[in-house]
Structure formats: C-alpha cells, structure tokens
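>>> Just a sequence and a predicted model for now, questions to come.
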Amino acid sequence: MPRRYLALVFPWLPIERLRSDRPHLFVGRDEAPVALVETVGGAVRLAALDRSATVLGLRPGMTLADARAQLPALEVFAHDAGADFDWLDRLAASCQRYTPVVATHPPDALLLDIAGCTHAFEGERMLAADVEGRFARRGVLVRHAFGDTAEIAHALARYAGAPAPDERGAVRRLPVAALGLEAEDSAALARAGLKTVGDVMARPLATVAARFG
C-alpha cells in the first residue's frame, strides 16, 4: 500500500498550552500581548509569543528589555519546554482516532501515517476538516499538509502558505529552510542565489555537496 502522511504544525503551541493548563492566569485580562521568556547566555529572551505580540513586531530571540521598550504592555510568563513537550504528547494521543501511528516532531508538530485510514472520513479533505474542527473547539490552531513522505508533509505544513494539490510542485517553491539544514547552511545557500528548494534541485547534487557539504 502506498504511504501517505498528514503533518500537523501548531504555530502557537506554547501560548495555547499555557492558556489550557493555567486558565486562571487569563481571567479578567484585557488581552494584552503575551510572551514566554527564558534565560539564554545570561540574558532573558523571548522564547514564544502570542499572535498579537507577533503582529506588533516582537520576535523570538529578542531580549526582554528590548521587547518591553518596544511594547511596555507586554505580559510575561516563564517558558516551560518540558510542559510544551507533554502538551504535544497529549495532542498526539487525541489524534489516535484518525490513525494508530502518530509520531511527535518536537517542538510543535505531529506526523500521522494515514495510509488506509481516510475511508472512514470520505477522503483526505474531510479528515483534515475534522482535525481542524476538533482542535479549534479546544482553542488550538493547526496548520496541515499531506504528503507521500513524512518529510514532504512536514515541510509543506510548516512553510507553505496553504495546502496545495500539486505537492511536488509546491515543495519546489518552499524556502531552503524547509530542507532542515543548519541556519548558517541555509543562509549560505541563499547568498549563492539558491533561495528555494527548486533552486537547489535544479543544480547537480555533486556540485551542491562539494560547495556546501
């Protein structure tokens, strides 16, 4: 049987986990922007943000001092990566109604092997709608994509703007970051003019490997 995968990416997982596990923190709030912070190299930095903080220009990695100077109303909580992983496990368990084969892809994604499992939902589109609806009722936003391999599904879910019927063509348009390389390697490819996966695929593999490893 041909393999088929569904990738789920949760772009706001740390914030949604905090709101689910500790709702009392948000009672009576006026919906001020929220950030989760951690200490990195002696500096307190932003580890995760909610949508409003992102829209207002904050980005993960900023120091808390710089973020507060830009957005004094920012509300701050401690980031708990372990709790995020536990939450991802709970999300995975909830997906076993779709397939018994659900793998976590930390820090914020799931990969479902759905080969032979879509008939109960009248196809992939209806299965995806059921997934999104169930998570939405829990206050969880999810981005999804299907693929013939787990890697293709994950790359499309994380980097494509919307699910695409032409998966292979859509992969070619993804940024080189979708290859899962180290940040400096992706930057080197971009400086060389290879800004998309398709740009890399168009070059002889031996030439790319010789130059970039």
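Here it is on my side, so go on.
>>> Tell me where this protein has helices.
13-21, 51-55, 64-70, 81-94, 124-137, 150-159, 167-172, 183-191, 197-201, 205-212 (DSSP state H).
>>> quick one: least confident helix or strand in this protein?
The helix or strand of the chain with the lowest confidence, counting by mean pLDDT, DSSP states H and E, is helix 205-212 at a mean of 81.
>>> From the contact counts, what lies against that helix?
Judged by 3 or more Cβ pairs under 8 Å, 6 or more residues apart in numbering; DSSP states H and E, helix 205-212 is in contact with helix 183-191. Just so you know, the C-beta spots here come from the backbone N, C-alpha and C atoms, and that holds for glycine as well.
>>> Quick one: residues in contact with the helix it packs on.
Here helix 183-191 makes contact (Cβ atoms under 8 Å, 6 or more residues apart in numbering) with Pro175, Val176, Ala177, Leu179, Leu181, Lys195, Asp199, Val200, Phe212, Gly213.
>>> Put the buried members of these into a ChimeraX selection.
This is how ChimeraX selects the buried members of those, with burial counted by 16 or more other Cβ atoms under 10 Å:
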select :176,177,181,199,200
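>>> re the thing from before, buried set for the least confident helix or strand of the chain?
So helix 205-212, judged by 16+ other Cβ under 10 Å, has buried residues Val208.
>>> and the spatially closest residue to Glu151 that is not a sequence neighbour, how many neighbours?
Of all residues beyond its chain neighbours, the one nearest Glu151 is Gly180 (7.9 Å), with distances taken as Cβ to Cβ, 6 or more residues apart in numbering. By other Cβ atoms under 10 Å, the residues close to Gly180 number 12.
>>> If anything else comes up later, I'll come back, but that's it for now.
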